[in-house]
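Asks: Below are the sequence and a predicted model; questions follow.
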Amino acid sequence: MILIDYSPVLISCAHSAVTWQKKRDKLLEAGKFVSEDEKNTKVEDVHMFRMLNTLRMVNSMNRRKYGRPIVCVDRKPYWRSEVFPNYKKNRKPMDRTMDWSMFFDNGEDILNACRDVFGWKVIDIPGIEADDSIGVIVHNIRDEDHMIISPDGDFKQLQIYKNVSQYDSIHNKKVVEKYPEQWLRFKIITGDKKDGIPNIVSDKDTFMTEGMRQTSISSQNKKSWSAASNPMFFCTGDMLERYKFNEELLDMSKVPEKQTKQILDELKVPANKPGNLYGYFASKGISRFIDSLGDFK
């Protein structure tokens with residue numbers, strides 16, 4: 001299966017489109033030549049084109065070996081926020097100079113196209129993140145090869161299976177982890193600051209308390225603890241409880257039974273038959289894909 005982590009595609013293409021717009025505007029301000037087509041092109045059209053082109057390339061490069069794509073979506077409110085109210089609460093706000101509502105509208109439009117025009121499977125369930133969907137599929141569908149399309153290092157843990165590969169379409173490179181089990185233990189031990197999850201020797205509210213910092217873990221302990229096959233070998237006091245708590249949030253094999261069932265049930269629903277691709281691209285004014293419609297099938 002081609003398992004696409006959708007949010008990074010949307011966000012990276014948004015930044016790329018804004019960068020294009022700024023470069024074009026600088027050329028105009030400097031009085032340099034810019035074609036009429038470029039002058040009249042809207043940033044939202046560039047965003048849509050780059051998203052579609054990324055999805056096209058991902059499909060055409062991988063479908064022969066891995067089959068048709070499954071697009072996995074993040075949809076709030078996440079179940080982890082019920083388990084841990086601080087989850088993702090301390091993330092930096094998105095660039096407020098960008099019109100994110102427009103970019104997200106584009107994303108919804110393309111999701112609908114994936115589902116109704118391209119005939120791709122879309123897993124879009126309230127409370128579930130793409131990490132959950134991809135993790136559950138990989139842990140439960142063991143008789144197929146999987147290609148994960150994402151720059152997210154969290155998916156390295158899934159390389160415990162030989163049938164799993166990962167490709168970062170944003171930076172055009174494979175993501176390879178030689179020791180995925182040890183990598184996951186390291187992640188659980190050190191936490192995930194960007195998601196508000198402290199390390200196992202710090203208080204759960206560390207990142208939400210002003211002026212409070214994590215208790216540090218020495219490099220030697222990080223290395224030796226990650227190499228241990230059982231947290232009982234190094235956990236003392238409340239550390240084991242914190243380890244199990246972080247494990248529940250970060251180990252993709254620990255997605256709760258309710259959410260696991262929702263994902264697997266959705267996976268069983270047949271994808272729609274492909275629709276009128278020519279009509280879709282014509283309606284969007286995107287003629288460059290007319291000669292490569294097969295890349296979306």
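Replies: Sure thing, it's come through.

Asks: what about residue 23, neighbour count?
Replies: 11 (other Cβ atoms under 10 Å). (Each C-beta comes from the backbone N, C-alpha and C, glycine too.)

Asks: Does it lie in a helix or a strand, and which?
Replies: Per DSSP states H and E, residue 23 falls inside helix 6-29.

Asks: Which SSE is immediately downstream of that helix?
Replies: Per DSSP H and E, helix 6-29 leads on to helix 36-40 as the next helix or strand towards the C-terminus.

Asks: Buried residues in that following helix, which are they?
Replies: For helix 36-40, burial by neighbour count (16 or more other Cβ atoms under 10 Å) applies to no residue.

Asks: ok, the residue lying closest to residue 48 once chain neighbours are set aside - contacts?
Replies: Nearest non-adjacent residue to residue 48, counting by Cβ to Cβ, 6 or more residues apart in numbering: residue 106, 5.1 Å away. For residue 106, the contact set (Cβ atoms under 8 Å, 6 or more residues apart in numbering) comprises 10, 44, 47-48, 51.

Asks: ok, of these, which one's closest to residue 233?
Replies: residue 10 (42.0 Å; Cβ to Cβ).

Asks: The closest one touches residue 51, doesn't it?
Replies: Yes: at 6.5 Å, residue 10 counts as touching residue 51 under the criterion of Cβ atoms under 8 Å.

Asks: Look at these two and report which has more neighbours.
Replies: Shown here are residue 10 and residue 51; by other Cβ under 10 Å, residue 51 has more neighbours (24 against 21).

Asks: where does that one fall, phi/psi-wise?
Replies: Dihedral angles of residue 51 (phi, psi; degrees, to the nearest 10) stand at phi -60, psi -50.

Asks: May I see the contacts of residue 106 organised as JSON lines, with distance to residue 209 added?
Replies: Below are the contacts of residue 106 laid out as JSON lines (distance: Cβ to Cβ, whole Å):
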{"residue": "10", "distance to residue 209": "32"}
{"residue": "44", "distance to residue 209": "40"}
{"residue": "47", "distance to residue 209": "38"}
{"residue": "48", "distance to residue 209": "42"}
{"residue": "51", "distance to residue 209": "39"}
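
Asks: Which helix or which strand is home to the residue nearest to residue 48?
Replies: Counting by DSSP H and E, residue 106 is part of helix 100-116.

Asks: Identify the contacts common to residue 10 and residue 51.
Replies: With Cβ under 8 Å, 6+ apart, residue 10 and residue 51 have common neighbours 106-107.

Asks: Now for the closest residue to residue 39 other than its chain neighbours, how many residues are close by?
Replies: Spatially, and ignoring its direct neighbours in sequence, residue 39 is nearest to residue 28 (7.2 Å; Cβ to Cβ, 6+ apart). Number of residues near residue 28 (other Cβ under 10 Å) recorded here: 13.

Asks: so how far is residue 121 from residue 28?
Replies: To residue 121, residue 28 is 42 Å away according to Cβ to Cβ, to the nearest Å.

Asks: now swap in residue 57 and tell me
Replies: Residue 57 is 19 Å from residue 121, by Cβ to Cβ.

Asks: Same check on residue 53?
Replies: 20 Å.

Asks: ditto for residue 251
Replies: Counting by Cβ to Cβ - residue 251 and residue 121 are separated by 25 Å.

Asks: what do you get for residue 109?
Replies: 18 Å.

Asks: can you check residue 234 too?
Replies: Residue 234 sits 42 Å away from residue 121, taking Cβ to Cβ as the criterion.

Asks: Those two: which has the busier surroundings?
Replies: Applying other Cβ under 10 Å to residue 234 and residue 121 shows that residue 121 carries more neighbours, namely 23 against 17.

Asks: quick one: the residue lying closest to residue 18 once chain neighbours are set aside and residue 13, what's the gap?
Replies: Spatially, and ignoring its direct neighbours in sequence, residue 18 is nearest to residue 98 (5.8 Å; Cβ to Cβ, 6+ apart). Using Cβ to Cβ, one gets 12 Å for the distance from residue 98 to residue 13.

Asks: more neighbours, the two?
Replies: residue 13 (25 against 15).

Asks: Not counting sequence-adjacent ones, nearest residue to that one?
Replies: residue 50 (4.2 Å).

Asks: and that neighbour, what is it in contact with?
Replies: By Cβ under 8 Å, 6+ apart, residue 50 lies in contact with 13, 16-17.
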